[in-house]
Each structure stands twice: as structure tokens, then as C-alpha cells.
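Just the structure for this:
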Amino acid sequence: MKPRILPHLLSYGVTTIFAEPLALYSPGNGQTNFVLAAALTGSEGCSALQKGSIQSGFYEMNDLFTAASVMSAVRLDWDSDSITDYFGQAQRLQPFKDMVQQNLLHAHVYSYIHGAEASNPDIHVRCDDPYKVCGSCSVGQGEYLAYNIGNEPHINFCPSYFRLGELSAIVNEVTGNKTLKEDMDAYYNRGTFLSSTTAWARQVMHISVVGTAALESKNLNGSSSISHIPMGNSFLAGVKSSVPQPNNLRYAYGALRAKWIAALSLQEPYDAPNNPENYAMYAQARYLEKTRNIYPRNPVLDLTSQSALLADEKLQDSANPKYGCFNRPDVVTADGRTNGTTVMKSAGSRFDLTSPHKSGEAFFALFWALALISMAC
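Numbering: from 1, shown residues only. You can find the predicted model right below:
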């Protein structure tokens, strides 16, 4: 199934014309003129259409985390299938429940409108690949869609991101297919990463004020203590990559590997709560449950013999296509190639398609939207 590109272009044109973001709190409530509390800034190396795709994915990501999060006074259903699949059994997860819930709440704050009491920092986005990461993935291991810079609100989007589908288009297409609708990876989008929405969800969890990871330290007396650090990427314990890397690991991207680190006893109980992909997959699952009353159960792991799973390299590498570089992390250390400070000064200014546009800009966007519709007919 090929992701659809046309809906991205149309959504950009229509959003520009009407200046109406998705109503993130409750669609249809009439709030169509608000501006989100956080903005996207920068856009170095991005074309107008790429900026539109990035912003559309950002709104779609907010839909996912709105579905996944609950207010702090309400607890998540720790025994639900989606929690168990992507974060682990409730008893094993017990020490990290608060961290998981807070991480989901922090991500959800990006959907807050301007004037809300809480807000997340603006996100600096770019397409110029300052760290030359986009084309560096090993053959057969997938490709980078985006990467976070320094655990800051700073994300570079790679060319592969712009080939991903729009959330609603992907969901409509997959739910109409009896074979695919049970397969979680089939829903990957720009918000998660099959659609670019999933991609956005993964990258946002790397931002230090959003995603917190648990770090276990062993003490000399044999005890251990937990501290918290910004979120990196978890990997498959006991399974090394066939492609030589500095740490020779297989990172937990995709639904199967996300479920793997949540279920196998060889994994630490904090591996899943420490992994951005697990939050993206969980948010995607909750979105499908709430909007379509569907929970895609595939891929299913047979846990009767964990030694057999560890020996099954074909299974571990089964995701195809791969929505990420499966043998490398997708967060890089900031250095002199970018201004790696907490407050980033951008070559570009805030770009927010929810702001009022001049009539000439609206006419130009309408012209291209109608042209694209004509080509699609």
C-alpha cells in the first residue's frame, strides 16, 4: 500500500485558505479560529509545500496525543490491551506508571490553544539536514524520516517524511481493507510515521521537557536507584544488529519491536516506557480505538518460547517498509553545526498557518488547491 501524497498538498492549500486548524479539543465545537500556544519556527531548507506537510503532521500528532492522554486526576487503564502491548504488564510497569502518564500529558500540552495556563516550547523545524543523517542509514535497515537535535525542541525532517501519508487518508484506506486493518504498522503516518503523524509523535517524545526516561544506577551495596534523563531510544536486549554500528544494537522501531521490549522478560521493565516509539504506537492505537472502534492486534508475539524469538532474526527484522533507521538512534548530540542552546535563534520566523492571511495569499493557495483537485479527477 503506497501512502497518498495528494491529501498532504490539498490539506496545505485548504488550511492556508481558511486558516482553520483541526479543533483539537472536540471537533465540531465551533472553535476554528484559535492559534495553538506553541508555534513552529525555523524552516531552514523547507519549501512551502514541505512546511505545509510539517504543520499538518503537527496537528495530526496532537489528535493522537489528545486520544492517548487523560487528565492528571484520572488514571490510565493499566490493564487495557493497548497499555499492555506497548508498555507491559501492569505489575511489571508499576514503578513507571506515573512517568508514562506524565509523558503523555506533556505531549498533549502541544494541543493547547494560545492563552492556556500551560504550554510547551516552540519547536524549531528544518529540512536542511545539518548533521547529514538523512541518507546515512545502512542498506536494508530502512531510512531516516526525521531526527531530533540534542533533546531540544529542534527537529530535522528528511525527504522520506514527505512521502508519508496523511492521517485521515491512511486510516480511511486501511480500515477499509479487511487484511490490513488489524496490522498496526499499516497505519504508520506522518503524525506517527506511516502517516507523518506517527513520525511527529516519536520526535516530540525526545524533547526533554516532554519525554522523561528512567536511568537505573547500581550502587556498591548491590541496591539500585532511579534517576531521570531525556528520552533516547531503547533497543532489543540480547539481539545485536547484523550491520556493524558503534554499539551494534537493534533499536525498537515499529510495532513488533515496540511490543517486544514491552513483553520479553529479558528486557528491563523501563525499556518500553523509555522508548519514544512505544508512545507513538500507543497514541496511534488509542486514536483508532476512539475514532474507529478498532484495535489492530497485529503483529502478535508468541511468548511461549522467548529463546525462539531471540533466535528468529527474520521475525525481528520483519517490518517492511521500515519507518525509521532500524539500527541507529534518531536523536543526535547538538554541536556547532546548529545553535545547540535551549532558546534557539532561527534564520526563519514563526510560521503558523492559523494566522490571518492576506487575500492575495488566499487566492494563490486556492488556485493551487483547485489545480490539484483537477489533476486528481
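
And the residue nearest the centre of the chain, its phi and psi?
In the chain, the C-alpha nearest the mean C-alpha coordinate belongs to Ala201, at 2.2 Å (C-alpha atoms, centre = their mean). Main-chain dihedrals, Ala201, degrees, to the nearest 10: phi -60, psi -40.

Go ahead and confirm Gly42 touches Asp128.
No - contact between Gly42 and Asp128 fails when scored by C-beta atoms under 8 Å: they sit 9.6 Å apart. Where you see a C-beta, it was placed from the backbone N, CA and C, and this is true even at glycine.

more crowded one of these two?
A direct count of neighbours by other C-beta atoms under 10 Å for Gly42 and Asp128 places Gly42 higher, at 27 against 14.

hang on, the more buried one is in a strand, isn't it?
Yes - assessed by DSSP: H, G, I helix; E, B strand; the rest coil, Gly42 belongs to a strand.

Return the distance of it relative to Gln102.
Using C-beta to C-beta, to the nearest Å, we find Gly42 at a distance of 27 Å from Gln102.

just to revisit the earlier point, so for the residue nearest to the centre of the chain, what's the nearest residue that isn't a sequence neighbour?
Ala280 (3.8 Å; C-beta to C-beta, 6 or more residues apart in numbering).

tell me, how many neighbours does the one you found end up with?
The number of residues packed around Ala280, counting by other C-beta under 10 Å, is 33.

how far away is it from Val100?
13 Å.

ok, now Arg250?
23 Å.

Ok, Gly45 next?
Here Gly45 is placed at a distance of 35 Å from Val100 (C-beta to C-beta).

Between these two, which has more neighbouring residues?
Val100 (24 against 15).

and His206, what is it in contact with?
Residues near His206 by C-beta atoms under 8 Å, 6 or more residues apart in numbering: Asn148, Asn151, Pro230, Met231, Gly232, Pro276, Asp330, Val331.

Any chance of the residues you listed in CSV with secondary structure, neighbour count and pLDDT as columns?
Supplementary listing: these in CSV, determined by DSSP: H, G, I helix; E, B strand; the rest coil; neighbours: other C-beta atoms under 10 Å; pLDDT from 0 to 100:
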residue, secondary structure, neighbour count, pLDDT
Asn148, strand, 28, 97
Asn151, coil, 21, 96
Pro230, strand, 18, 96
Met231, coil, 25, 96
Gly232, coil, 18, 95
Pro276, helix, 30, 96
Asp330, coil, 24, 93
Val331, strand, 22, 95
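
List just the nearest of these to Glu60.
Pro276 (16.5 Å; C-beta to C-beta).

pretty sure that closest one contacts Ala199?
No - the criterion here is C-beta under 8 Å, and Pro276 misses it with Ala199 at 10.5 Å.

Helix, strand or coil: sort out Val209 for me.
Assignment for Val209 (three-state DSSP): coil.

got the contact list for it?
His106, Asn120, Pro121, Pro153.

Please repeat the previous calculation with a cut-off of 10 Å.
Listed by C-beta atoms under 10 Å, 6 or more residues apart in numbering, the contact set of Val209 reads His106, Val109, Asn120, Pro121, Asn151, Glu152, Pro153, Pro230, Thr342.

In the stretch 101-250 of the chain, mark out all the helices, start to finish.
Remark: helices assigned in the stretch 101-250 of the chain by DSSP state H, counting those that start in this stretch are 167-175, 196-205.

Now distance to Thr338 and mean pLDDT too, for those helices, in TSV please.
TSV is the format used below for those (distance: least, C-beta to C-beta, whole Å; pLDDT from 0 to 100):
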stretch	distance to Thr338	mean pLDDT
helix 167-175	29	72
helix 196-205	15	86
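
And those helices: which comes nearest Val70?
Closest approach to Val70 among the helices of the stretch 101-250 of the chain (C-beta to C-beta): helix 196-205, 16.7 Å.

can you give me the angle that closest one makes with helix 167-175?
Helix 196-205 runs at 120 degrees relative to helix 167-175, counting by axes from the mean of the first three to the mean of the last three C-alpha atoms, to 10 degrees.

Off-centre distance for helix 196-205?
2 Å (C-alpha atoms, centre = their mean, to the nearest Å).

Just the CA coordinates for it, please, in CSV.
What follows is helix 196-205, C-alpha atoms only, in CSV (Å, rounded to 0.1, in the frame of the first residue of the first chain):
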residue,chain,number,x,y,z
SER,A,196,3.8,11.5,9.1
THR,A,197,1.7,12.0,12.2
THR,A,198,3.4,9.0,13.9
ALA,A,199,6.8,10.4,12.9
TRP,A,200,5.9,13.6,14.7
ALA,A,201,4.8,11.7,17.8
ARG,A,202,8.1,9.9,18.1
GLN,A,203,10.2,13.1,17.7
VAL,A,204,8.2,15.1,20.2
MET,A,205,8.9,12.5,22.9
